[in-house]
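Peer 1: here's a sequence, model it:
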Amino acid sequence: MRPQTLDDYIGQQHLVGEGAVIRRMIEQRRVSSFILWGPPGVGKTTLANIIARTLEVPFFTLSAVTSGVKEVREVIERAKMQTGIFAKNGNPILFIDEIHRFSKSQQDSLLGAVEHGTITLIGATTENPSFEVIRPLLSRCQVYVLRSLEKDDLLRLLDRALTQDMVLKEKHIRVEESGALLRQSGGDARKLLNILELAIESQNDAREIVVNDRMVLEAIQQNPLAYDKDGEMHYDVISAFIKSMRGSDPDAALYYLARMIEAGEDPVFIARRIVICAAEDVGLANPNALLLANACFDTVQKIGMPEGRIPLAEAAVYVATSPKSNSAYLAIDAALAYVRQTGNLPVPLHLRNAPTSLMKDLGYSDGYKYAHDFPDHFVTQQFLPDDATDARFWHPQPHTPAEARLWERMKQCWGEEKYSRNLRNTRKRIKKLF
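Peer 2: So this is what the prediction gives:
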């Protein structure tokens with residue numbers, strides 16, 4: 001069922017539709033090196049084959065799983081011998097499947113041939129090329145992103161298989177329902193056809209083969225989720241999980257949590273991200289969130305899975321539904337930036353310890369006021385270095401009751417006028433630092 005021409009190619013209209021970039025390159029017969037990045041089963045290999053067939057140029061293929069530097073050099077030498085013969089049609093095409101699996105030395109071996117036009121490189125990868133392809137090779141190739149196939153694309157593929165496949169069109173096949181078939185394929189054309197084949201083979205002896213949701217689910221039994229714990233999907237899902245908690249959407253947080261649990265993600269990794277989110281995004285608006293997240297982390301380590309899903313869900317929902325404040329997160333980053341700029345400013349003498357008589361004679365600890373000896377356990381005194389007395393790093397966000405109380409206490413201790421003035425001065429300084 002692999003399409004042979006661009007007009008039969010289904011999906012990726014942003015690349016191969018009328019006036020789109022890859023179609024223009026083919027029509028103008030000027031194809032430059034590029035990398036196709038997209039999920040499995042969306043037509044990367046098929047598109048490379050169509051380009052080579054349309055341009056009528058030599059087409060070489062390598063799999064990064066089974067090929068090394070030796071194989072790459074052999075292919076390049078063979079391409080050199082054919083360059084002159086087919087020059088009017090364009091350079092030979094070298095298609096490398098799963099190019100992200102090539103080591104740095106293997107990718108280096110391609111640079112000269114791509115640079116001098118000995119070959120036109122078309123790479124295919126399911127992983128982010130920014131992380132997996134070396135920069136010199138990436139700078140010589142355009143990256144085109146392929147998308148998962150849409151529902152209409154999958155339905156066209158299904159219809160084509162049933163009406164054009166030499167075997168299937170001779171059978172009496174009736175599609176009653178296609179929902180499960182489309183859902184379980186996950187935008188993957190290869191998986192769609194494989195599941196269809198399983199559903200049909202399970203009824204091979206029947207006079208009429210019926211395809212419906214029940215038959216599809218019975219045929220496949222279980223459909224493992226697309227999730228690579230070391231790849232792009234891993235980072236996409238955990239990013240969505242964190243942003244859902246930060247954005248106060250418990251349902252979305254639970255959805256992405258379920259995605260990770262079902263795919264076998266390390267529960268300790270998930271718990272660790274909840275702890276970070278509780279500290280960074282909830283912070284002082286609800287300090288109990290960090291306590292609960294830490295309890296979740298400890299519990300998951302103790303009990304493991306599948307029971308660990310319960311404290312993970314509890315902590316994720318609690319963090320998602322808590323009020324949010326990143327004032328502590330911003331405060332430490334502002335303080336770090338200030339320290340990097342100003343260096344080691346001297347600690348005021350009255351704050352220094354004086355364990356020896358010499359230190360006492362030099363004024364260490366002299367004049368220090370012990371806060372608990374004063375009313376309300378507070379007394380005004382200087383804590384910052386002399387050259388940093390106006391610095392302010394923590395800017396409360398009083399939209400939440402907990403942090404509003406802290407803000408009111410600081411105004412009560414230090415005075416509203418002084419606190420506001422210091423706030424304005426520090427904002428100016430921090431703005432310059434960043």
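
Peer 1: what's the burial count for the closest residue in space to residue 190 that isn't next to it in sequence?
Peer 2: Excluding its sequence neighbours, the residue lying closest to residue 190 (Cβ to Cβ, 6 or more residues apart in numbering) is residue 41, at 3.8 Å. In short, each C-beta sits where N, CA and C put it, glycine included. Per other Cβ atoms under 10 Å, the neighbour tally for residue 41 reads 22.

Peer 1: how about residue 191, nearest residue that isn't a chain neighbour?
Peer 2: Setting aside the residues directly before and after it, residue 191 is nearest to residue 185 in space (Cβ to Cβ, 6+ apart), at 4.5 Å.

Peer 1: hmm, the residue nearest to residue 190 is touching residue 188, no?
Peer 2: Yes - under the criterion of Cβ atoms under 8 Å, residue 41 makes contact with residue 188 at 3.2 Å.

Peer 1: mutual contacts of the two, please.
Peer 2: Common neighbours of residue 41 and residue 188 are listed as residue 149 (criterion: Cβ atoms under 8 Å, 6 or more residues apart in numbering).

Peer 1: where does residue 113 sit, in terms of helix or strand?
Peer 2: In this structure, residue 113 is located in helix 104-116 according to DSSP states H and E.

Peer 1: CA atoms only for that helix, dumped as PDB, please.
Peer 2: Extracted as PDB, the C-alpha positions of helix 104-116 are listed here (Å, rounded to 0.1, in the frame of the first residue of the first chain):
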ATOM      1  CA  LYS A 104      29.200  11.700  16.100                       C
ATOM      2  CA  SER A 105      31.900  10.000  14.000                       C
ATOM      3  CA  GLN A 106      29.300   8.400  11.700                       C
ATOM      4  CA  GLN A 107      27.600  11.800  11.200                       C
ATOM      5  CA  ASP A 108      31.000  13.400  10.600                       C
ATOM      6  CA  SER A 109      31.700  11.000   7.700                       C
ATOM      7  CA  LEU A 110      28.700  12.500   5.800                       C
ATOM      8  CA  LEU A 111      29.800  16.200   6.000                       C
ATOM      9  CA  GLY A 112      32.200  16.300   3.000                       C
ATOM     10  CA  ALA A 113      29.800  14.500   0.700                       C
ATOM     11  CA  VAL A 114      26.900  16.700   1.600                       C
ATOM     12  CA  GLU A 115      29.000  19.900   1.500                       C
ATOM     13  CA  HIS A 116      30.400  19.100  -2.000                       C
END
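
Peer 1: buried ones in stretch 399-410, by neighbour count?
Peer 2: Across stretch 399-410, burial judged by 16 or more other Cβ atoms under 10 Å covers 400, 402, 403, 406, 407.

Peer 1: what about residue 299, distance to residue 309?
Peer 2: Distance of residue 299 to residue 309, given as Cβ to Cβ, to the nearest Å: 11 Å.

Peer 1: what pLDDT does the model give residue 428?
Peer 2: What the model reports as pLDDT for residue 428 is 53.

Peer 1: er, residue 287 actually
Peer 2: Turning to residue 287, the model gives it a pLDDT of 92.

Peer 1: what do you get for residue 134?
Peer 2: The predicted structure lists residue 134 with a pLDDT of 88.

Peer 1: how about low-confidence regions in this protein?
Peer 2: Scanning the chain for pLDDT under 70 picks out 83-89, 221-233, 417-434.

Peer 1: residues contacting the residue nearest to residue 191?
Peer 2: In this structure, residue 185 makes contact with 41, 154, 191, 192, 195, judged by Cβ under 8 Å, 6+ apart.

Peer 1: swap in residue 48?
Peer 2: Listed by Cβ under 8 Å, 6+ apart, the contact set of residue 48 reads 36, 59, 93, 95, 122, 124.

Peer 1: hmm, back to that, buried ones only from the contacts of residue 185, please, as a PyMOL command.
Peer 2: Those of these that count as buried under 16+ other Cβ under 10 Å are selected in PyMOL with:
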select buried, resi 41+154+191+192+195
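
Peer 1: let's see which of the contacts of residue 185 end up in strands.
Peer 2: Here DSSP state E is the test, and those give no hits in strands at all.

Peer 1: residue 135: which of the contacts of residue 185 is nearest?
Peer 2: Taking Cβ to Cβ as the measure, residue 135 lies nearest residue 41 of those, at 28.8 Å.

Peer 1: mind checking how far residue 203 is from residue 61?
Peer 2: Here the criterion is Cβ to Cβ. By it, residue 203 lies 36 Å from residue 61.

Peer 1: sorry, wrong one. I was asking about residue 330.
Peer 2: Taking Cβ to Cβ as the measure, residue 330 and residue 61 are separated by 52 Å.

Peer 1: assess the claim that residue 387 and residue 344 are in contact.
Peer 2: No - with contacts counted by Cβ under 8 Å, residue 387 stays clear of residue 344, the gap being 11.2 Å.

Peer 1: give me the more crowded residue out of those two.
Peer 2: With neighbours defined as other Cβ under 10 Å, residue 387 and residue 344 compare such that residue 387 has more, 10 against 7.

Peer 1: how is that one assigned, secondary-structure-wise?
Peer 2: Secondary structure, DSSP: H, G, I helix; E, B strand; the rest coil: residue 387 is helix.

Peer 1: any idea how far residue 394 is from the residue nearest to it when sequence neighbours are not counted?
Peer 2: Distances taken as Cβ to Cβ, 6+ apart put residue 345 closest to residue 387, at 5.4 Å, once the chain neighbours are dropped. Applying Cβ to Cβ, the value for residue 345 to residue 394 is 18 Å.

Peer 1: of those two, who's got more company?
Peer 2: Counted by other Cβ under 10 Å, residue 345 and residue 394 do not tie: residue 394 has more neighbours, with 17 against 14.

Peer 1: so the more buried one lies in a helix, does it not?
Peer 2: No - when classified by three-state DSSP, residue 394 is found to be coil rather than part of a helix.

Peer 1: can I assume it is in contact with residue 327?
Peer 2: Yes - under the contact definition of Cβ under 8 Å, residue 394 touches residue 327, with a separation of 6.1 Å.

Peer 1: quick one, what contacts residue 257?
Peer 2: In this structure, residue 257 makes contact with 241, 270, 309, 312, 313, 316, judged by Cβ under 8 Å, 6+ apart.
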